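Asker: got a predicted structure here, sequence first:
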Amino acid sequence: MKRNRPNIKLTQKSTEVLIALKDCLTSSKAGLAKVLGIPRTTAGYHVEILKEKSLVVGYIPIVPSGFFGESYLIQITIDPKIYQVKKDVEDTIIAHREYLQKGIGHAPLCVFVKKKDDLYLISCITMTFSIDSFIDELCYSQSIAEEYVTHSPLDDADGIPLYSRQSFAKEENE
C-alpha cells in the first residue's frame, strides 16, 4: 500500500524548524534558535505554527507517517580486509556515518554501526521519497560500490523513534 505525503502546507522555515526538532529534540526556543541560527522569537513563532498544524506538542515533533517519505533501513557493508590499515576502516566508517547523519536532502532518523563477523555494518534508518536516488547519491558521493549497500522498507512499527510512533497512534485514532 503506497502512502501519500500528508497535505500539510508549511513554509520553508517551518519545515526547517520541524526537521531540526526531529533531528536534535531540543526542548527550548533558545536551543532551537541556536541550532537554526535564527532569533528565539522566530523559533517560537514557527513552533506555534507547527503546534496549530498538530505537528508539534511543546518541542516534541509529531511527524505524520509519510511526511518525509517512506521509511527504510539502509545498510552499508564495510569489509576491513579490503583496507590496508585499521585507520582506513575507521575513517571510512566515520565518513559514511557523518554523511548519513547530514541527511543528504532526506530525513535520517538514526545512524548506528555494528560489527558482524569480520564486517562492519553502518545502518541508517531514514525516510525518503525516492530510495533509488538516495542510494545513487550515497554511492556516488561516498564512492561506495552498489553491491555494498542494501536497503529494506520498514513497516510503521519497526525502527522508528518514539515520537514517530506517537504520531502513528494519533493518526489511527482520528
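Answerer: It's in.
Asker: mind listing what's buried in stretch 133-150?
Answerer: Buried residues in stretch 133-150, defined by neighbour count with 16 or more other C-beta atoms under 10 Å: Phe134, Ile135, Leu138, Cys139, Gln142, Ile144, Tyr148, Val149. All C-beta atoms are positioned from the backbone trio N, CA, C, and that covers glycine.
Asker: inside helices: which ones of the residues you listed?
Answerer: Among the buried residues of stretch 133-150, the members found in helices (DSSP state H) are Phe134, Ile135, Leu138, Cys139, Gln142.
Asker: identify the farthest-apart pair in the residues you listed.
Answerer: Within those, Phe134 and Gln142 form the most distant pair, 12.0 Å apart (C-beta to C-beta).
Asker: ok so, going back, tell me which of the ones in helices among the buried residues of stretch 133-150 is nearest to Leu100?
Answerer: Lowest distance from Leu100 to these (C-beta to C-beta) belongs to Leu138, with 7.7 Å.
Asker: how close does Lys34 sit to Ala20?
Answerer: 10 Å (C-beta to C-beta, to the nearest Å).
Asker: I misspoke; the intended subject was Ser133.
Answerer: Between Ser133 and Ala20 the computed distance is 23 Å (C-beta to C-beta).
Asker: repeat that for Ser130.
Answerer: On the measure of C-beta to C-beta, Ser130 and Ala20 end up 23 Å apart.
Asker: what about these two, which has more around it?
Answerer: Using other C-beta atoms under 10 Å as the criterion, Ser130 and Ala20 rank with Ala20 on top: 21 against 12.
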